[in-house]
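Peer 1: Need a 3D model of the sequence below.
(one chain, ligands or ions: 1)
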Amino acid sequence: MTIDWTTIRQDFPILHQEVHGHPLIYFDNAATSQKPRHVIEALVGYYERDNANVHRGLHELSGRATDAYEESRRKVAQYLGAGEEEIIFTRGTTEGINLVAQSWGRANIKMGDVILVTEMEHHSNLVPWQMLALQTGATLKHVPVTDEGELDLDQLDTLLTEQVKMFAFVHVSNSLGTINPAKELIARAKAVGAVTLLDGAQSAGHMPVNVRDLDCDFYAFSGHKMCAPTGIGALYARGPVLAEMPPWQGGGEMITRVQFESSFYKEGPARFEAGTPDISGAIVLGEAIDYLEALGREHIFQHDSELTAYALERMAEIEGLRIFGPRLNRGSLVAFALEGAHPHDLTTYANSFGLALRGGHHCTQPLMRKLKVPSTTRASFYFYNTREEIDRMIAILQAARTFFAP
Ligand code: PMP
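Peer 2: Below is the predicted model of the structure:
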């Protein structure tokens, strides 16, 4: 199948505008992706035709909203290769990881246990585990990152002991672009009896993901990084693991019977969806999945990889530009430093030419310390970006080199 990516770009209304007198170049996709018209219209259509609260109502609109909400759960399940009873709707990756830490974690982690993460974790996959370690007396350890920006797998044998009860790591690093060998790491964790969680924020919308094949226990992702709105995401929890997990938040929808003194809880994902969920978000996440599936994640991955390889090749032309992360086997983002230019100044300079980059620590402060930089500048791509946009970024970076020269 040959995809005309330029035509696909027409599906994204936001991309066709000028910023500071220049055509917008949106290279901040790792922070959030843009939304196709199909998804925007589905959101409006839901509020114009079907809006009602789910599950409790016996009227037509509530029935429609409930059917669409549960249909979306099936789509997410299929998208990840899971069962629908294993998909919990969340606000996003952060909430999914906090849910696991507080529900599974408080029930299973005790003093003396080890929670293993890596040095390249986003704060979302670090702070919840720090909180759990404080609550339980467990120890938090991390797998170091090599100078090439990969996990130091030589250290893993020493770190992966039988004390490790949870190994939580990022699938694709948002700061380095590294694609971690998830399947191998999960197998090694399983061998010592550890439960595994994969932070899928940067992989869910970018590559084929099958949780059965990966064999992870948990996989968390955010809809807004894969063409859906903000405020919705999902957590995959392997069936037998989910069945043993106590509730996290209490409230309506997650109970079967409530008395003053105590309550009985529902089984399955409903136990973790207290209160009115983001109904429109969940339904539209299903629409975003349809959209991505029609393109094919393997095609998206290939297109994004070609764009990234091209960006890396062109960026090598720029003197004084240091690129972070591995050369090969990386996701569709490039973090870099330009000699003499603070990432915030460089990002502001780029913005004056309509180029949206991101400058900062990217919520990976421990990694920044390892790299011995306070922050980096990051360009992150998605399937609607083009080589011409990369050429224009290169011209802007070349101009910045002169502009910021001491
Ligand atoms: N993990 C990674 C690797 C991320 O890139 C992000 C988003 N920047 C998150 C977790 C958190 O995602 P969210 O803010 O959507 O919960």
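Peer 1: and the residue nearest to Ala316 when sequence neighbours are not counted, bridged to which residues?
Peer 2: Spatial nearest neighbour of Ala316, excluding adjacent residues (C-beta to C-beta, 6 or more residues apart in numbering): Ile323 at 7.8 Å. All C-beta atoms are positioned from the backbone trio N, CA, C, and that covers glycine. Beta-bridge partners for Ile323, by DSSP bridges, are Phe336.
Peer 1: Gly81 versus Ile323, what's the distance?
Peer 2: Per C-beta to C-beta, to the nearest Å, Ile323 is found 33 Å from Gly81.
Peer 1: same check, this time on Gly239
Peer 2: Note on Gly239: its distance to Gly81, by C-beta to C-beta, is 13 Å.
Peer 1: The lowest-mean-pLDDT helix or strand in the chain near the ligand anywhere?
Peer 2: The helix or strand of the chain with the poorest confidence is helix 365-371; it has a mean of 90 (mean pLDDT, DSSP states H and E). No. Judged by C-beta under 6 Å from any ligand atom, helix 365-371 stays clear of the ligand, getting no closer than 10.9 Å.
Peer 1: So which residues on the stretch 1-150 of the chain come close to the ligand?
Peer 2: Contact residues, the stretch 1-150 of the chain versus the ligand (C-beta under 6 Å from any ligand atom): Ala30, Gly92, Thr93, Thr94, His122, Ser124, Asn125.
Peer 1: I meant the stretch 301-406 of the chain, not that one.
Peer 2: When proximity is defined by C-beta under 6 Å from any ligand atom, the stretch 301-406 of the chain lies next to the ligand at Cys363.
Peer 1: Now the closest residue to the ligand within the stretch 301-406 of the chain. Nearest residue, chain neighbours left out?
Peer 2: Here the stretch 301-406 of the chain gets closest to the ligand at one residue, Cys363, 5.9 Å apart by C-beta to the nearest ligand atom. Nearest residue to Cys363 in three dimensions, chain neighbours excluded: His123, at 4.4 Å (C-beta to C-beta, 6+ apart).
Peer 1: Now, the residues of the stretch 1-150 of the chain next to the ligand that are in strands?
Peer 2: Using DSSP state E to define strands, no part of these is located there.
Peer 1: show me what contacts Glu18?
Peer 2: Residues near Glu18 by C-beta atoms under 8 Å, 6 or more residues apart in numbering: Leu24, Gly354.
Peer 1: Domains of the chain: list them as residue ranges, please.
Peer 2: The record's domain parsing of the chain by automatic domain parsing lists 5-30+296-403, 40-294.
Peer 1: CA atoms of the host helix or strand of Ala350 as CSV?
Peer 2: Element membership for Ala350, per DSSP states H and E: helix 343-351. Only the C-alpha atoms of helix 343-351 are listed here, as CSV (Å, rounded to 0.1, in the frame of the first residue of the first chain):
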residue,chain,number,x,y,z
PRO,A,343,17.3,25.6,24.5
HIS,A,344,14.7,28.2,25.6
ASP,A,345,16.2,30.9,23.5
LEU,A,346,16.6,28.6,20.6
THR,A,347,13.0,27.5,20.8
THR,A,348,11.8,31.1,21.1
TYR,A,349,13.9,32.0,18.1
ALA,A,350,12.4,29.1,16.1
ASN,A,351,8.9,30.2,17.1
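Peer 1: just checking, what packs against the next helix or strand after that helix?
Peer 2: With elements assigned by DSSP H and E, the helix or strand that comes after helix 343-351 is strand 355-356. In terms of contacts (3 or more C-beta pairs under 8 Å, 6 or more residues apart in numbering; DSSP states H and E), strand 355-356 is packed against strand 25-26, helix 387-403.
Peer 1: Please say which of Ile323 and Gly81 ends up with more neighbours.
Peer 2: Taking neighbours as other C-beta atoms under 10 Å, Ile323 and Gly81 compare with Ile323 leading, 19 against 15.
Peer 1: Need the per-residue pLDDT for that one.
Peer 2: Ile323 carries a pLDDT value of 96.
Peer 1: hang on, isn't it packed against Ala335?
Peer 2: Yes. Look at Ile323 against Ala335 with C-beta atoms under 8 Å: they come within range, at 7.5 Å.
Peer 1: Would you confirm that Asp199 contacts Val170?
Peer 2: Yes. With contact defined as C-beta under 8 Å, Asp199 counts as touching Val170 (4.4 Å).
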